[in-house]
Every structure is written in C-alpha cells, then in structure tokens.
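> okay, here's the prediction I keep looking at, along with the sequence it came from:
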Amino acid sequence: MGFVVGRPSMKMVFGLLTLVTLCIILGALVQLAFIRRLEDITGFSPWANDKEAITLRVGYVKPEIISWSPRIIVLHNFLSMEECDYLRALAKPRLQVSTVVDAKTGKGIKSDVRTSSGMFLNSKEKKYPMIQEIEKRISVYSQIPIENGELIQVLRYEKNQFYKPHHDYFSDTFNLKRGGQRVATMLMYLTDNVEGGETFFPMAGSGECSCGGRMVKGMCVKPNKGDAVLFWSMGLDGQSDPNSIHGGCEVLAGEKWSATKWMRQHSTS
C-alpha cells in the first residue's frame with residue numbers, strides 16, 4: 001500500500017516543481033519586459049552613468065543586417081530625436097542646390113541626377129560636443145577611424161525630388177589624393193512622416209520593393225527618423241564594389257532630411 005500511495009505523491013511533487021519553474025521563467029520575462037518598458041518611457045538605463053555607453057547609445061541602437069552582398073546594415077535608433085533635430089537646425093540656414101562630382105575635374109557640378117538641397121558642416125561645427133558624439137558613434141559602429149571621415153553632409157529632399165542610382169566611390173583621380181578611396185557610407189535619417197524617399201539598392205536581394213511608389217527589383221530602406229544605413233563601397237578584396245550602387249527614391253509627400261558621412265581609406269586631414 002505504501003508504494004501505491006507514494007507514486008501519486010511523487011507526481012504531485014514533480015508537477016509542483018514544474019509549475020514553480022514555469023512561474024519563475026514567466027516572472028523573469030515579465031520583469032525584463034517591465035524594465036525595458038521603463039527604459040522606453042522614462043529613459044532609465046543600466047548604463048545611465050556610463051558616459052561611453054551613452055555616447056554609443058548602448059541598449060538603443062539595434063543593428064539589422066539586410067544584405068551581405070553588397071554589405072548593408074540598418075542601425076535602428078542610431079540617432080536620438082534631439083540629435084536629428086540639432087543637425088537639421090544647423091543645416092537649414094545654409095542649404096544650397098546639391099551637386100555631383102565631375103569625373104573629369106573632381107569638382108562639384110549641378111546635375112539633374114540629384115535634385116536635393118544640402119550643405120556640409122564645417123570644421124568648427126565638427127568640434128561641437130553633440131557632433132563629436134555622433135562622429136565617435138559612426139567610427140565605432142563602422143570600425144573606421146574618425147580621422148578617415150569626410151565632413152558630415154545634411155540633405156533635404158522635397159516633394160518630387162530624388163537622387164538617381166549612383167556609386168559613392170570615386171571614378172576620378174583628383175578626389176583620391178586626400179584620403180584615398182571611399183570605403184563606406186553612413187546614411188542617417190532625420191525626419192519621419194515621409195511618403196516615398198526610400199534608399200534603393202538595385203543589386204541587393206532578389207525580390208522587389210516600393211521605390212517612390214513604383215515597384216522595382218532590389219532592396220529599399222524606408223526613411224525612419226533616427227535610423228541609419230551603413231553600407232560599404234569597397235569589398236573585402238579591397239576593390240570598389242559595383243553592387244553598392246544605390247539611389248534616393250522620389251519623395252511623394254513631406255520632406256526627407258538625411259545626414260551622410262563618407263569614410264575613406266586613410267586620414268582626410
């Protein structure tokens with residue numbers, strides 16, 4: 001009789017242990033969700049007192065690899081909302097019609113290939129504390145030294161404006177004299193509520209995407225305020241990657257603001 005009575009008791013014990021274990025796991029998940037919710041609502045973070053972590057936005061930046069060839073990573077929440085607004089405020093008074101590089105002379109010329117307006121931050125503005133934090137973040141996530149970067153360019157695309165597919169690497173020798181070839185690009189989005197204006201990579205992926213309201217072959221990244229797209233113009237073999245061709249799709253409504261950082265093989269100083 002003792003043996004028969006003991007078996008239900010063991011089952012009950014195992015059942016209770018399983019229930020307790022499940023409750024502990026569930027409780028931990030609920031706590032993690034609660035803590036993450038607190039971070040989102042209040043800005044509280046376990047790295048709140050770590051200056052380096054704050055600069056790099058540890059816990060906020062979420063990398064998403066969307067293509068290996070060409071190499072493209074979307075960095076969600078790369079910039080804070082304040083940083084986006086700050087870059088726009090710096091740029092707005094000095095916007096001019098954008099130009100493209102002339103392959104023969106290496107100088108900027110106006111072209112119907114690119115219909116935006118923009119400006120470059122100057123060397124003085126590069127030393128502003130908030131700009132220095134952005135520069136360091138770009139360097140760490142791209143693993144390219146700060147001194148290899150060009151000055152940040154801020155662009156505004158209004159309705160019907162676009163940038164036809166192009167390469168960021170140079171086809172002239174003039175621009176290679178200072179810093180060598182462009183290795184990678186960090187493209188940062190500064191506004192929301194834009195219809196169209198996607199960044200289009202025609203040689204990435206095997207599907208289709210919406211580019212300015214048209215379905216095209218390739219991969220498109222929607223401009224979301226604070227997100228950034230990091231892509232490489234140079235392959236692992238050290239050669240310029242023709243698959244890195246990309247463009248800015250036509251803006252259908254709203255204004256698309258972005259900031260671009262090009263990075264070279266060597267120091268640009």
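Sure thing, it's come through. Residues are numbered from 1 along each chain as shown.

> which residue is nearest the centroid of this protein?
By C-alpha atoms, centre = their mean, the mean C-alpha position of the chain lies nearest to residue 228, the distance being 1.5 Å.

> from residue 80, how far out is that residue?
12 Å (C-beta to C-beta, to the nearest Å). In this view, the C-beta of every residue, glycine as well, is placed from N, C-alpha and C.

> can you pull the contacts of residue 149?
135, 138, 139, 261, 262, 263, 264, 268 (C-beta atoms under 8 Å, 6 or more residues apart in numbering).

> for the fourth one, give its distance to residue 79.
Put plainly, it is residue 261. For residue 261, the distance to residue 79 - C-beta to C-beta - is 11 Å.

> overlap in contacts of those two?
Taking C-beta under 8 Å, 6+ apart as the criterion, residue 261 and residue 79 both touch residue 188.

> just the buried members of the contacts of residue 149?
Buried subset of the contacts of residue 149 (neighbour count, 16 or more other C-beta atoms under 10 Å): 135, 138, 139, 261, 262, 263, 264.

> closest one of these to residue 222?
Among these, residue 261 lies closest to residue 222 (C-beta to C-beta), at 20.0 Å.

> correct me if wrong: the closest one contacts residue 168.
No. The pair formed by residue 261 and residue 168 falls short of the contact definition of C-beta atoms under 8 Å, at 10.9 Å.

> dump the residue contacts of the nearest residue to residue 71 once chain neighbours are set aside.
Nearest-residue entry for residue 71: residue 232, 4.5 Å, with adjacent residues in sequence omitted and distances by C-beta to C-beta, 6 or more residues apart in numbering. Shown in contact with residue 232 (C-beta under 8 Å, 6+ apart): 70, 71, 183, 184, 185, 241, 244.

> so can I have TSV of those residues showing secondary structure?
Output for the contacts of residue 232, formatted as TSV (DSSP: H, G, I helix; E, B strand; the rest coil):
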residue	secondary structure
70	coil
71	strand
183	strand
184	strand
185	strand
241	coil
244	helix
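
> what's the spacing between the closest residue in space to residue 150 that isn't next to it in sequence and residue 269?
Among residues not flanking residue 150 along the chain, residue 262 sits closest, at 4.6 Å (C-beta to C-beta, 6+ apart). Residue 262 sits 15 Å away from residue 269, taking C-beta to C-beta as the criterion.

> which stretches of the stretch 51-200 of the chain have low pLDDT?
Scanning the stretch 51-200 of the chain for pLDDT under 70 picks out the ranges 99-112.

> repeat the analysis, applying 80 as the threshold.
Counting by pLDDT under 80, the ranges of the stretch 51-200 of the chain that qualify are 98-115.

> all strands for it, in order.
Using DSSP state E, counting those that start in this stretch, the strands of the stretch 51-200 of the chain run over 62-68, 71-76, 96-97, 100-101, 108-109, 117-120, 153-157, 163-166, 182-189, 195-196, 199-201.

> returning to what we had before: which one of the buried ones among the contacts of residue 149 is nearest to residue 62?
Nearest to residue 62 among the buried ones among the contacts of residue 149, with distances taken as C-beta to C-beta, is residue 138, at 16.2 Å.

> list the contacts of the closest one.
Contact partners of residue 138, counting by C-beta under 8 Å, 6+ apart, are 146, 149, 186, 261, 263.

> helix/strand/coil for the residue lying closest to the third one once chain neighbours are set aside?
The shortest distance from residue 186 to any non-neighbouring residue, by C-beta to C-beta, 6+ apart, is to residue 261 (4.3 Å). At residue 261, secondary structure determined by three-state DSSP is strand.
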